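A.B. asks: next come a sequence and a model predicted from it.
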Amino acid sequence: MTESAHARKIAFAAFVRRALDDARAMRAWSGTEVSRRTGVSRQTINRWVRGDWASDPEAERVVAFCEGLGLSPTAAFAALGWERATTPRAATAPPPMDPDVEALLRRLVDPHVSDAEKFHIRETIRYLAYRPSLPTDVRKRGNRAG
């Protein structure tokens with residue numbers, strides 16, 4: 001392996017580790033959750049972290065990983081030494097964030113908010129994110145009853 005290929009592996013591994021650390025710290029996502037949200041398998045992510053790959057990662061997987069974590073693929077491409085600055089998928093702007101969600105995210109990173117409070121916020125968010133949606137006709141009946 002050439003010295004530049006080894007350096008690229010180290011740089012990309014550092015990028016992936018930082019992204020995973022941020023996802024754990026700011027969003028309380030496990031490796032499984034990162035995999036689910038990015039569409040990149042845990043095995044692939046683990047190989048990236050170890051620098052255990054013979055050929056460059058597929059660009060689409062790198063983009064999916066970055067988009068799933070809300071990152072620009074440009075930094076990943078730079079770590080890989082790719083000249084590609086953007087892709088058609090990366091050019092779309094993220095949707096505006098609801099102010100209530102922004103407030104919750106601020107509380108999750110606020111050092112003055114207790115760990116217990118952060119735990120309850122995360123648990124409530126998880127519950128709401130994964131609960132089954134009510135059928136449309138049930139929601140309409142509920143509106144009429146009130």
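C.D. replies: Thanks, I have the structure now.

A.B. asks: what about the closest residue to Lys9 other than its chain neighbours, neighbour count?
C.D. replies: Using Cβ to Cβ, 6 or more residues apart in numbering and skipping residues adjacent in sequence, the residue nearest Lys9 is Gly51, 3.7 Å away. Yep, even glycine has a C-beta here, placed from its N, CA and C like the rest. Neighbourhood size, Gly51 [other Cβ atoms under 10 Å]: 16.

A.B. asks: OK, contacts around Gly51?
C.D. replies: By Cβ atoms under 8 Å, 6 or more residues apart in numbering, the contact set of Gly51 is His6, Lys9, Ile10, Phe12, Ala13.

A.B. asks: phi and psi next, for it.
C.D. replies: Main-chain torsions, Gly51, degrees, to the nearest 10: phi 70, psi 30.

A.B. asks: okay, Thr86: pLDDT?
C.D. replies: For Thr86, the pLDDT comes out at 46.

A.B. asks: what about Ala64, distance to Thr44?
C.D. replies: 10 Å (Cβ to Cβ, to the nearest Å).

A.B. asks: what of Leu128?
C.D. replies: Distance, Leu128 to Thr44, using Cβ to Cβ: 29 Å.

A.B. asks: between these two, who's got more neighbours?
C.D. replies: Thr44 (17 against 8).

A.B. asks: burial count for Ser41?
C.D. replies: 11.

A.B. asks: ok, and the closest non-adjacent residue to it?
C.D. replies: Nearest to Ser41 is Ser35, by Cβ to Cβ, 6+ apart, at 6.0 Å.

A.B. asks: I'd assumed Arg42 was in contact with the one you found.
C.D. replies: Yes. Counting by Cβ atoms under 8 Å, Ser35 does reach Arg42; the two are 4.6 Å apart.

A.B. asks: this completes my enquiry, with thanks.
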